[in-house]
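Sequence plus predicted model, see below.
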Amino acid sequence: MTGRHPRSIATVCLSGDLTDKLEAAANIGFDGVEIFENDLLTFAGSPADVRKMAADLGLAIALFQPFRDFEAMPEPQRARNMDRAERKFDVMQALGTDLVLVCSNVQPVCIDDPARAAADLHEMAERAAKRGLRVGFEALAWGRHTRRWREAWNIVHRADHPALGLIVDSFHTLALKDDPSGIAELPGSKIFFVQLADAPLYNMDVLQWSRHYRNFPGQGQLPVTGFLKAVLDSGYAGPLSLEIFNDEFRAAPVRQTARDGLRSLILAEALASSSVPAAALPPVPDLSGIEFLEFAVNEPKRQELAEFLGTLGFRLAGRHRSKAVELYRQGAVNLVLNAEPDSAAAGHFEMHGTSVCAMGLSVSDSRAASRRAEALLCAGWNEKRGEGERALPALRAPNGSLVLLVEKAGGRPSLWEEDFHLLPSPEAEAGAGMLGIDHVTQALAPGQMDSFVLFYRAVFGLEPEAEVDLPDPQGLVHSRAMVSRDGRLRLPLNTSEARETATGRFVSAAAGAGVHHIAFLVEDAASTAAAMVGRGAPLLAIPENYYDDLEARFGLDAARLETLRSVHLLHDQDAEEGCFTHAYTTSFSDRFFFEIVERRGGYRQFGAANAAVRMAAQARYHARMRLRS
Ligand SMILES: O=C(O)c1ccc(O)c(O)c1
Ligand SMILES: [Mg+2]
């Protein structure tokens, strides 16, 4: 590969001991690592052992860090710091790395004099150079006197030593809302190292923010792309390295974090260097929504689920030509029930019980979409298939479920016509009014949000909406919707630290993340709900108090209120008079549930105002069911 920057990750990003960290970084495909001193101190082998381990794994040790509180100290600390530096140079030579990161001094006694800082760094660089080593100086956003990249650069420039260079870190620059564009004017060869980190926008103490809430580029809200563009425009040719301090990363499975990290770096580079072909990714797929959802079932659960879907107005529309797979249909909604032994669905059923095991996304170019996914490190999947059946490119989502890429080619028979024996649709069967899939909500285990956000953002170009907190009677649920640019695909993601919330119960019952609810778009929620009730659908009962409050909030007339009340409908309005009217079923097998939604006047949200009422009703229902069994 030509002209690609070496890709590196700091050991502090990853969980486990140094062996776990290096193995994960190497296996996923990083070229190098930054060794954090703490990971070395707590490691039971020598620096030479670490050097050998990295070499055996094919990993460069790109940098050793941090070296703290060095520059501009009064005597006697100044002299002591020079000795301390010599000892760290010994460690670096044993490790086999030539670059140390000096972060700006935070000590109150540090002298406010750039000339002194420059002189001290000059001396350190002179000592380093004697051993063939180099020193990089980084501004910490909370440094005593040096906080911005330009302040650090002025000191480096003034010190004027070939073994001294600048280290820039996107977090420190962007957290202070400092302008990175001037980095483009620096001589690229004087930038010795580049660290990348993103973060959610929190209004908090910058040190706490940095030490606990950083995340990978693309997982947060900082303008990392603009920062990286400036870096690349300088002509910098060294490593791009991820440096994330994050409480959840410290607890997450190390290989997952390593994969997310490399995925984020590949995406960040592609976004920042869209004009450089070497960094290019196939484009974000042109998505037109969800073609189907597939449920993993066994034979008894297939019958049970088919009956449940019948109460929602779905009818059996076809049987697969070669597999124990059925298609249920209504409007543009396709639901597939897969009971085929020895399939991805069967594996999913073994692990998670009755659950959504695959989502079929409709794309204009499935091969390009799958090449993009592969370039972003998604594992693929080849399902066995019968003679003449369509091969659907498939990739694994972070929870192990599949995303299948369905291409709608004009003129060609549909997937359903190709692979299924379709049953004639009876004229009289009108269904209950489902038009399409409005959104599909997944419940995630605590700590998985960043991973899923990055997956949908990188592979499919969905953008995260602002996080909302939903109060369940048993704890808080955090929800963030991933939405395609044209709004046609909506995938809310929910997490909860509390085990007994609706989200927490799902994750423990289903043994992991998965689809928790499916919302169908309808034209007229009241008539659909009435049709569902007529068919025996179990709608979730909503308390009287809710309707009293609705009347007060929106001034709905008595007849409308009575309609809503009679079929357990909830209602919300946005500031622009957009309306959202919706109802829920109780859950299937205490797992997932369905929603019908009617959107009017451009309403774009998900009825968050009603989530507390829904979750309290679910908690009551759940408690009643538990008493019965
Ligand atoms: O939090 C810190 O102290 C710290 C140390 C080294 C770094 O490179 C950094 O960005 C932050
Ligand atoms: Mg840093």
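The structure has been received and is ready for your questions. Numbering: from 1, shown residues only. Ligands and ions are numbered 1, 2, ... in the order given.

Endpoints of stretch 107-116, how far apart?
15 Å (C-alpha to C-alpha, to the nearest Å).

what comes into contact with it?
69, 71-74, 77, 117, 144-145, 151, 154-155, 158 (C-beta atoms under 8 Å, 6 or more residues apart in numbering). Glycine gets a C-beta too; all of them are placed from N, C-alpha and C.

Using JSON lines, lay out the residues you listed together with secondary structure, distance to ligand 1 and neighbour count.
Formatted as JSON lines, these follow (DSSP: H, G, I helix; E, B strand; the rest coil; distance: C-beta to the nearest ligand atom, whole Å; neighbours: other C-beta atoms under 10 Å):
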{"residue": "69", "secondary structure": "coil", "distance to ligand 1": "10", "neighbour count": "20"}
{"residue": "71", "secondary structure": "coil", "distance to ligand 1": "14", "neighbour count": "29"}
{"residue": "72", "secondary structure": "coil", "distance to ligand 1": "17", "neighbour count": "27"}
{"residue": "73", "secondary structure": "coil", "distance to ligand 1": "17", "neighbour count": "20"}
{"residue": "74", "secondary structure": "coil", "distance to ligand 1": "22", "neighbour count": "11"}
{"residue": "77", "secondary structure": "helix", "distance to ligand 1": "18", "neighbour count": "16"}
{"residue": "117", "secondary structure": "helix", "distance to ligand 1": "17", "neighbour count": "28"}
{"residue": "144", "secondary structure": "coil", "distance to ligand 1": "13", "neighbour count": "18"}
{"residue": "145", "secondary structure": "coil", "distance to ligand 1": "16", "neighbour count": "18"}
{"residue": "151", "secondary structure": "helix", "distance to ligand 1": "15", "neighbour count": "17"}
{"residue": "154", "secondary structure": "helix", "distance to ligand 1": "19", "neighbour count": "16"}
{"residue": "155", "secondary structure": "helix", "distance to ligand 1": "16", "neighbour count": "27"}
{"residue": "158", "secondary structure": "helix", "distance to ligand 1": "22", "neighbour count": "14"}
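
Save these as a markdown table, and put in pLDDT too.
As requested, the contacts of stretch 107-116 are exported to a markdown table (pLDDT from 0 to 100):
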| residue | pLDDT |
| --- | --- |
| 69 | 98 |
| 71 | 98 |
| 72 | 98 |
| 73 | 98 |
| 74 | 98 |
| 77 | 97 |
| 117 | 98 |
| 144 | 98 |
| 145 | 98 |
| 151 | 98 |
| 154 | 98 |
| 155 | 98 |
| 158 | 98 |
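
Report the separation between the nearest residue to residue 407 once chain neighbours are set aside and residue 376.
Once flanking residues are discounted, residue 407 sits nearest to residue 366: 4.0 Å by C-beta to C-beta, 6 or more residues apart in numbering. Separation of residue 366 from residue 376 (C-beta to C-beta, to the nearest Å): 16 Å.

now residue 184
Taken as C-beta to C-beta, the span from residue 184 to residue 376 is 27 Å.

Let me know the secondary structure of the closest residue to ligand 2 within the stretch 451-600 of the chain.
At 20.4 Å from ligand 2, residue 454 is the closest residue in the stretch 451-600 of the chain, using C-beta to the ion. What DSSP: H, G, I helix; E, B strand; the rest coil gives for residue 454 is helix.

My guess is it contacts residue 216. True?
Yes - the pair residue 454 / residue 216 is scored as a contact, 6.4 Å apart, by C-beta atoms under 8 Å.

Now the common contact residues for these two.
Common contacts of residue 454 and residue 216 (C-beta under 8 Å, 6+ apart): 260, 264.

Tell me which of the two has more neighbours.
With neighbours defined as other C-beta atoms under 10 Å, residue 454 and residue 216 compare such that residue 216 has more, 29 against 26.

which ones are touching the more buried one?
197, 198, 242, 244, 260, 261, 264, 265, 450, 454.

If we use 6 Å, what do you get?
Contact analysis of residue 216 by C-beta atoms under 6 Å, 6 or more residues apart in numbering lists 260, 261, 264.

Now name the helix or strand holding the closest residue to ligand 1 within the stretch 51-200 of the chain.
The nearest approach of the stretch 51-200 of the chain to ligand 1 comes at residue 66, 3.9 Å away (C-beta to the nearest ligand atom). If you go by DSSP states H and E, residue 66 is part of strand 60-67.

What confidence value was assigned to the residue nearest the centre of the chain?
By C-alpha atoms, centre = their mean, the mean C-alpha position of the chain lies nearest to residue 453, the distance being 2.3 Å. If you check residue 453, the pLDDT there is 97.

my read: it touches residue 462, true?
No - the criterion here is C-beta atoms under 6 Å, and residue 453 misses it with residue 462 at 8.7 Å.

on that earlier part again, between the contacts of residue 216, which sits nearest ligand 1?
Lowest distance from ligand 1 to these (C-beta to the nearest ligand atom) belongs to residue 261, with 15.7 Å.

Could you check how many residues crowd around that closest one?
Neighbour number of residue 261 under other C-beta under 10 Å is 29.

What distance do you get for residue 583 to residue 403?
28 Å.

what does the stretch 151-300 of the chain have sitting close to ligand 1?
Remark: the part of the stretch 151-300 of the chain in contact with ligand 1 comprises 169, 195, 210, 211, 243, using C-beta under 6 Å from any ligand atom.

rerun at 5 Å
The interface of the stretch 151-300 of the chain toward ligand 1, taken as C-beta under 5 Å from any ligand atom, is made up of residue 169.

Leaving out chain neighbours, which residue sits closest to the residue in the stretch 151-300 of the chain that ligand 2 sits nearest to?
Residue nearest to ligand 2 within the stretch 151-300 of the chain (C-beta to the ion): residue 169, separated by 3.5 Å. With C-beta to C-beta, 6+ apart as the criterion, residue 169 has its nearest non-adjacent residue at 4.0 Å, and that residue is residue 195.

which ones are touching the one you found?
169, 241, 243.

Swap in 8 Å and give it another go.
10, 34, 138, 167, 168, 169, 170, 171, 241, 242, 243.

Same question for residue 550.
By C-beta under 8 Å, 6+ apart, the neighbours of residue 550 are 556, 561, 564, 571.

after the helix or strand hosting it comes which helix or strand?
Per DSSP H and E: residue 550 is located in helix 544-554. The element immediately downstream of helix 544-554 (helix or strand, assigned by DSSP H and E) is helix 558-566.
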